[in-house]
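In: need a structure here:
(one chain, ligands or ions: 1)
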Amino acid sequence: MYAIEVHNPGPDYELTLGETTMPRPALGEILVKTAAAGLNRADLLQARGLYPPPPGAPLTLGLEVSGEVVETGRDVAGWKEGDKVCGLLAGGGYAEYAVIAAECVLPVPSGVVLADAAALPEAFFTVWTNLFDTARLAPGESVLIHGGSSGIGTAAIQLCAARGLTVFATAASVEKCSACESLGAARAINYRSEDFVEAVLTATGGAGVDVILDMVGGDYIEKNFRAAALRGRIVNIAFQRGTTATVNFAPMLAKRLSFAATTLRSRTNSEKGAIRDALLREVWPLIEAGRIKPVIDSRYPLAEAGAAHERMAKNEHIGKILLTMPSSPFR
Ligand SMILES: NC(=O)c1ccc[n+]([C@@H]2O[C@H](COP(=O)([O-])OP(=O)(O)OC[C@H]3O[C@@H](n4cnc5c(N)ncnc54)[C@H](OP(=O)(O)O)[C@@H]3O)[C@@H](O)[C@H]2O)c1
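Out: Next up, the predicted model:
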C-alpha cells in the first residue's frame, strides 16, 4: 500500500509517498481502507524527531482517519466489513490502510461526508477529556479557549457553544477571530492587538473565566492565573511558547485554582474507550443534529503531505487540514 515516509527527520524533514506492507488487524483491532487522514500539530513534531511514537505504535505519521472497514480482528464486536467509521490511532494514518483499536472507533455521523469525518476524532477526544473530565466544565460556566482557530479550538468552541456555555477565544488575526465568533464564541480576542487578560476580565465584569483550555504555555501560564475566576480550572494540552516560565503563583492560592496538563496519545485503549463512549453519547448527537460541523480548512492529496505540513507550520489554517486518499472523491 502507499504510505507517507519521513526522510531526514529534523528541522528540514521531507515527506514522500512510498510503498509499505499493508497492516493486519490484531486481536481487538479493525482494518480500515482510509478515505482521509487528519493532520495534527503532533505530526509536525514527530517528523522533526521531537515526538517519538509510543512503544508498539506504527512509525508512519497520522493520529486519525476515516474510512471503510475491510477486516476485523478476533474479539471485535459491533463492526463489520463495509461500515463507515472514523477513529483515533497511535500512528499509521498517512496511509491507504490503517488499523484502529476497537475502543477508538466511532461511526461516521449521519450528515458528515466520509472523508471529512477524519477531522473529528483527535479534536473531540482531546476537547472532551480535557474540558469535561479534567476541568469538570459545568452548565452555566464560562470558558476561554486559546488557539481558537486551531483544529482543537474550532472543535472546542462549537462543542461549548452547543452546550450553552459562554465561550471566549484567542487567535492571531481579525480573520481568525471572526471565524471563532462565527463558530459560537461570544468574544474572540486578537492576542496580537489586545491583552487577553484585560479583555476577559472586562467581559466578565472582573470575575474571570471558570475554565481555560491552553495550548500556548510560556507567559500564558501566569496570565491564565490572572484571567481565571474563583475556583477556576486551567488545563494545558501543549506549551508552544515554552515549557518553562517565571510565574507568580499567588492567584492560585487566592482564587483556589487548579492547574493540570494532559496528553491523549499515551493513554491506554480502555481509557480512550471511555472517552469514545462519552463522545457517542454527548457529541455525536450534536453533530448529527447539525449543531457541530467539522471545520475543514483544506484538503491535500496524500502525496502532497509535505505541502499540507507547510501550511500548518505557517499557522495559515483555520480548522483542520486533511490528507485525502487516492480513491477519495476529494482527491
Ligand atoms: N495534549 C494532548 O493530548 C493534545 C492532543 C491534541 C493536540 N494537542 C496540542 O494542541 C495544539 C493544537 O493542536 P492542533 O492539531 O489543533 O494544531 P493547530 O491547528 O496547528 O493549532 C495550533 C494553534 O496554536 C496557536 N499558536 C501557535 N503558536 C502560538 C503562539 N506562540 N502564541 C499563541 N498561539 C499560538 C495557533 O493559533 P494562532 O495562529 O492564532 O496563533 C494555532 O492555531 C497543538 O499544540 C497540539 O500539539 C495536544
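In: residue numbers of the chain in contact with the ligand?
Out: 40-42, 122, 126, 147, 149-152, 171-172, 176, 215-216, 237-238, 240-241, 262-264, 312, 315 (CB under 6 Å from any ligand atom). From N, CA and C alone the C-beta is placed, and that goes for glycine too.
In: of those, buried ones?
Out: For the residues of the chain next to the ligand, a burial check counting by 16 or more other CB atoms under 10 Å picks out 40-42, 122, 126, 147, 149-152, 171, 176, 215-216, 237-238, 264, 312, 315.
In: okay, now the closest residue to Val295 other than its chain neighbours: neighbour count?
Out: Using CB to CB, 6 or more residues apart in numbering and skipping the chain neighbours, the partner closest in space to Val295 is Gly319 (3.1 Å). By the criterion of other CB atoms under 10 Å, Gly319 has 21 neighbours.
In: please name the residues that touch Gly319.
Out: 119, 149, 151, 154, 179, 294-297 (CB atoms under 8 Å, 6 or more residues apart in numbering).
In: TSV for the residues you listed, including distance to Gly28 and pLDDT?
Out: TSV is the format used below for those (distance: CB to CB, whole Å; pLDDT from 0 to 100):
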residue	distance to Gly28	pLDDT
Ala119	25	98
Ser149	36	98
Gly151	28	98
Thr154	32	98
Ala179	39	98
Pro294	27	98
Val295	32	98
Ile296	31	98
Asp297	33	98
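In: most neighbours, which of the residues you listed?
Out: Result: Thr154 is most packed of the contacts of Gly319 (other CB under 10 Å), 32 neighbours.
In: I'd say that one and Lys176 touch.
Out: No - counting by CB atoms under 8 Å, Lys176 is not a contact partner of Thr154; they are 10.0 Å apart.
In: can you list residues touching both of those two?
Out: 148, 318.
In: with adjacent residues omitted, what lies nearest to the most centrally placed residue in the chain?
Out: Nearest to the geometric centre of the chain sits Ala123, at 2.6 Å (CA atoms, centre = their mean). Distances taken as CB to CB, 6+ apart place Ala155 nearest to Ala123, at 3.7 Å, with adjacent residues excluded.
In: just name whatever secondary elements the helix or strand hosting that neighbour is in contact with.
Out: Ala155 is located in helix 151-162, with elements delineated by DSSP states H and E. The criterion is 3 or more CB pairs under 8 Å, 6 or more residues apart in numbering; DSSP states H and E, and the helices and strands that helix 151-162 contacts are helix 121-127, strand 142-145, strand 166-171, helix 174-182, strand 320-324.
In: now that helix - C-alpha only, CSV.
Out: Extracted in CSV, the C-alpha atoms of helix 151-162 (Å, rounded to 0.1, in the frame of the first residue of the first chain):
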residue,chain,number,x,y,z
GLY,A,151,-8.3,22.1,14.9
ILE,A,152,-8.7,21.7,18.6
GLY,A,153,-10.0,25.2,19.1
THR,A,154,-12.7,25.1,16.4
ALA,A,155,-14.0,21.8,17.9
ALA,A,156,-13.9,23.2,21.5
ILE,A,157,-15.7,26.5,20.6
GLN,A,158,-18.5,24.6,18.8
LEU,A,159,-19.0,22.0,21.5
CYS,A,160,-19.0,24.5,24.3
ALA,A,161,-21.4,26.9,22.5
ALA,A,162,-23.7,24.0,21.6
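In: okay, the angle between that helix and helix 174-182?
Out: 30 degrees (axes from the mean of the first three to the mean of the last three CA atoms, to 10 degrees).
In: residues in contact with helix 151-162?
Out: With CB under 8 Å, 6+ apart as the criterion, helix 151-162 contacts 38-41, 119-120, 122-124, 126-128, 131, 137, 143, 145-148, 167, 169, 171, 179-180, 183-185, 213, 215, 237, 283, 286, 291-293, 295, 318-321.
In: again, but for stretch 66-86
Out: 24-36, 64-65, 87, 97-100, 102, 105-108, 114-118, 120-121, 325.
In: how about 7 Å then?
Out: Residues from elsewhere that reach stretch 66-86, judged by CB atoms under 7 Å, 6 or more residues apart in numbering: 25-36, 65, 102, 105-108, 114-115, 117-118, 120-121.
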